[in-house]
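S.K.: Pasting the sequence and the predicted coordinates here, then a few questions.
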Amino acid sequence: MALKGLDIFKLTPKKNCKDCGFPTCLAFSMKVAQGACEISKCPHMSDESLAKLEEATAPLMKTIKVGKGDNEYELGGEKVLFRHEKTFVNRNRFAVRFTDEMKDEEINEKIENIKSVQYERIGEDMKIELACVEYVSDKDNYLDIIKKIKEELDVAFMLVCEDTDVLKEALELVKDENPIVYGANEENYEDMVNLVKDDKLPLGLKAKGLEELYNLVEKVQGLGYKELVLGAQGESIKETFKNVVQIRRTALKEEDRKFGYPSVIFADELSKDNKFMEVALSSLFTIRYGSIVVLDDIDYAKALPLFALRQNVYTDPQRPMTVEPDIYPINGADENSPVLVTVDFALTYFIVSGEIERSKVPCWMAIPDAGGYSVLTSWAAGKFGGSSIGNFIKESGIEEKTNSRKLVIPGKVAVLKGDIEDSLPDWEVVVGPDEAMHLPKFLKDLQEEAYA
Amino acid sequence: MAFKMSVQKAKGKVEEVQLGSGDNAITIGGEATLPFYDFDGETGSKAKLGMEILDIYPEDWVKPLKETYKDVAEDPAKWAKFVEEEFNPDFICLRLEGADPNGLDKSPEECAEVCKSVAEAINTPLVIAGTNNHEKDKEVFEKVAQAVDGYNCLFLSATEENYKGVGAAASMAYSHKVGAESSVDINLAKQLNVLLGQLGVDYGDIVMNVGNAAAGYGFEYLVSTIDRIRLALFNQNDKTLTMPIITPVSFETWTVKESMAPEEEVPEWGSREQRGISMEVSTATSILSVGSDAVVLRHPKSLETLKELVDALE
Ligand code: B12
Ligand code: SF4
């Protein structure tokens, strides 16, 4: 949050000694408020003032780290309520829940599912990031499950447990993995803080309602502990939704840092064994302010929309995702390979190049400057037309790299065929399929045709 | 310090638009809050959930759906009746795929007949969607609007290219409702509303379709467009953006790879039907939760899930 110059001025020693390089403390304070100068330039600030200042200039929503190494994730740290205002920064993370009441078989199945649902989309890894391991009653089994997951999976941990004795043993196993310890409540919070504070582990707070949660945060903060995540779960879907929105709003709009922490939602619990309800709720809380969303299990049907939605929502609206216009060889393209043209929008490029790779047919990909837009958008914007494509083909040097004179265009701009042929009389323009997923078959047919 | 609910009062309110007639009419819109934010104020009428049917046999639909509709899919009126009785959606969306000039290119008269038979067969309000060919849609809607006079249908859509013809026929000559379709941009949405208004269409007869995409396919632009449209109304009371929003989700979600790839090609992805439902449920939930007031769905399971969700949230 921006602190005003006068607020800062009140904290200075008001000596006007000029050691900071400014004529007065006020002038100095104004510069600091503008972000043009560091507060440390004044050697005379009291520790108390510095602490106050740090408090006042701390982000409204704290960034909490969970996990270690490759499995380290940042949660929270958001600055705006709507992505167009700036951008959302730390995407929500998906967890799968394990409990000590589950049979080995079920545990193994979930582990296998988490392993098998891992893939790349637009250059980013898509996978379940956390194992949520809940203690119910069987300590030995609980510890075994933690051990097993640690051995078999690359995930961060969230230990759901209110029993500090059990947690002590569990933490012996995974303390170094920087897990979330979820289960501090009205009764046990002091013990919980003692348990996590030396290792600064993120602590999950839970309470009956928003008011109780707010009071609990206050108490925990009173103990000097601020590495927190908030249990937003309510009795119902409606209450949980209200909680999540209120937590985020209280932090960012009311500028009250008590709720300036990431939130946890157990979508599995709210969806009562209905897989599609779980997808619906996970989508809802991806759009509206969930930080960790716990699922019952994972499969591709759930993962494909959820990970894609999240990826979309967390793209920076100020930074277009583009690829460099150029010609790219795929599958070892050579002097006989055909040329496929598409746009420089990263999403489109990755989808199309992925399909070409899947076909294993050597091809050249020609990417003119299309303004960073999708096929139809750039076409409608006048940035992907017959002459611009024609000129790009002539100037890109592709005519020296391949002897093939087949140019495949996206099916959605079939209307461009004539215009491109006018501009490139030596080339045969072939209209490709509408959807890139049909490219493998299309390219194999094209290849056979060429040999025939 | 005690916790205090953070409440935001709105300066403007979404218009209430009625579809259908008599006892079976439904109301879209009416909210003065972001979706499901009842702590802020009046959330208006419940989000409306419609089911898609076609004027031709649904060749490209997943097998289990073709199986469900096998006895009715050759006849749109029977199909509509079946959907109404079996699934009870808030509205039915008849999509005139057969009119597409790149397909069967059915005549406006044929389309009018089909629409009339469907409207007569059901009590559920009817939304009629065209082909995306603006010129053809205009010709078709002119005839259809007349044929379904009195049924208070919604026409998807009038665009910058054909709004004069569509607006005049659907809303002015026969008092139906007009869908105003723009391309993911608050200013374009505004401009089309203004143009329709200048033509003589009442703002209360417009439902906006401000863009449509599947989750993962440029969907973030939709999120931000709708966020901005709603904030312009609630924070600044922008009178040119008071219309409710409809999103024909199923038109996009079933054609992306996630829903289309055959099981033989991607065995690890599992059931194609499940993937399709999941894409549809995720996209529909997301668009409703930023501010769409009505969605079109294709799969009964999606309808069932969204119904449950909307009931739980309102
Ligand atoms: C997001 C979006 C935008 C974003 C831009 C995002 C971006 N970076 O492109 C914004 C909001 C900026 C935008 C703007 C506009 N948009 Co726009 N936009 C969309 C939207 C919703 C999604 C586009 C998308 O991301 N698609 C996903 C990508 C992956 O699809 P794709 O590039 O087509 O790639 C697929 C296929 O084409 C194929 N493929 C791709 N390359 C190749 C190559 C070969 C060889 C083959 C075989 C296949 C193939 O594979 C891919 C996957 O199957 C679409 C509607 C929709 N649902 O499609 C409208 C849409 C494309 N936009 C449209 C319009 C009109 C515009 C504007 C001109 C509006 C205006 N008047 O200002 C502007 C243009 C920009 C400007 N003013 O400069 C129209 C185009 C209408 C038409 N049929 O011509 C659409 C269809 C919306 C509509 N129904 O009105 N848009
Ligand atoms: S160094 Fe500190 S005390 Fe001295 S003028 Fe600057 S702000 Fe004031």
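M.R.: Yep, that arrived. Numbers count the residues shown, from 1 in each chain, chains lettered A, B, ... in the order given. Ligands and ions are numbered 1, 2, ... in the order given.
S.K.: Next, count neighbours for residue B:246.
M.R.: 33 (other CB atoms under 10 Å in any protein chain shown). For the C-beta atoms, the positions are set from N, CA and C on the backbone; glycine is no exception.
S.K.: mind listing what the nearest residue to it once chain neighbours are set aside touches?
M.R.: Nearest residue to residue B:246, sequence neighbours excluded (CB to CB, 6 or more residues apart in numbering or on different chains): residue B:294, at 4.3 Å. Residue B:294 sits next to B:28, B:47-50, B:90-91, B:207, B:244-247 when contact means CB atoms under 8 Å, 6 or more residues apart in numbering or on different chains.
S.K.: Pretty sure residue A:340 is one of the things residue A:402 touches, is it not?
M.R.: No - between residue A:402 and residue A:340 there is no contact under CB atoms under 8 Å: 11.5 Å.
S.K.: Can you get me a residue count around the residue of chain B found nearest ligand 2?
M.R.: Proximity of chain B to ligand 2 (CB to the nearest ligand atom) peaks at residue B:1, 31.4 Å away. By other CB under 10 Å, the residues close to residue B:1 number 8.
S.K.: Kindly report the same for the one 5 residues further on.
M.R.: Residues contacting residue B:6 under the criterion other CB under 10 Å number 19.
S.K.: Okay, and it sits in which element?
M.R.: Remark: residue B:6 resides in no helix or strand, with elements defined by DSSP states H and E.
S.K.: OK, contacts around the residue nearest to it when sequence neighbours are not counted?
M.R.: Ranked by CB to CB, 6+ apart and with sequence neighbours excluded, the top spatial neighbour of residue B:6 is residue A:249, at 4.3 Å. By CB under 8 Å, 6+ apart, the contact set of residue A:249 is A:81, B:6, B:8.
S.K.: Need the three-state assignment for the last one.
M.R.: Using DSSP: H, G, I helix; E, B strand; the rest coil, the structure places residue B:8 in coil.
S.K.: Touching, it and residue B:231? I think so.
M.R.: No - the criterion here is CB under 8 Å, and residue B:8 misses it with residue B:231 at 10.2 Å.
S.K.: Once you drop chain neighbours, what's closest to residue A:376?
M.R.: residue A:412 (5.5 Å).
S.K.: ok but the one you found is inside a strand, no?
M.R.: No - Residue A:412: not assigned to a strand; according to three-state DSSP it is helix.
S.K.: Would you state the helices of the stretch 101-250 of chain B in chain order?
M.R.: B:108-121, B:134-147, B:163-166, B:186-199, B:219-236, B:249-253 (DSSP state H, counting those that start in this stretch).
S.K.: before we move on, the earlier item: mind giving me TSV with the contacts of residue B:294 and columns for distance to residue A:179 and pLDDT?
M.R.: Shown next, in TSV, are the contacts of residue B:294 (distance: CB to CB, whole Å; pLDDT from 0 to 100):
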residue	distance to residue A:179	pLDDT
B:28	47	98
B:47	38	98
B:48	44	98
B:49	40	98
B:50	45	98
B:90	45	98
B:91	48	98
B:207	49	98
B:244	46	98
B:245	42	98
B:246	45	98
B:247	40	98
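S.K.: Name the member of those with the most neighbours.
M.R.: Busiest of the contacts of residue B:294 [other CB under 10 Å] is residue B:246, holding 33 neighbours.
S.K.: check contacts around it.
M.R.: B:28, B:127, B:154, B:156, B:179, B:207-209, B:292-296.
S.K.: circling back: so which of the helices of the stretch 101-250 of chain B is nearest residue A:321?
M.R.: Residue A:321 sits nearest to helix B:219-236 of all these, at 10.1 Å, using CB to CB.
S.K.: Pull the distance from the closest one to the chain's centre.
M.R.: Once both centres are worked out by CA atoms, centre = their mean, to the nearest Å, helix B:219-236 turns out to sit 18 Å from its chain's centre.
S.K.: what does stretch A:161-170 give?
M.R.: Taking mean C-alpha positions (CA atoms, centre = their mean), stretch A:161-170 and its chain are 30 Å apart.
S.K.: Can you give me the buried ones in it?
M.R.: A:161-164, A:166-167, A:170 (16 or more other CB atoms under 10 Å in any protein chain shown).
S.K.: got the residues of the stretch 101-250 of chain B near ligand 1?
M.R.: Listed as neighbours of ligand 1 in the stretch 101-250 of chain B under the rule CB under 6 Å from any ligand atom: B:183-185, B:188, B:211-213, B:217-218, B:221.
S.K.: where in the stretch 51-200 of chain B is pLDDT low?
M.R.: By pLDDT under 70, the stretch 51-200 of chain B has no low-scoring segment.
S.K.: Show me what residue of it gets nearest to chain A.
M.R.: residue B:183 (7.3 Å; CB to the nearest CB).
S.K.: Check the gap between that residue and residue A:262 for me.
M.R.: Relative to residue A:262, residue B:183 is positioned 35 Å away (CB to CB, to the nearest Å).
S.K.: These two: which is more packed in?
M.R.: residue A:262 (30 against 18).
S.K.: residue contacts, that one?
M.R.: Here residue A:262 is in contact with A:61, A:64, A:75-76, A:90, A:229-230, A:291-292 (criterion: CB under 8 Å, 6+ apart).
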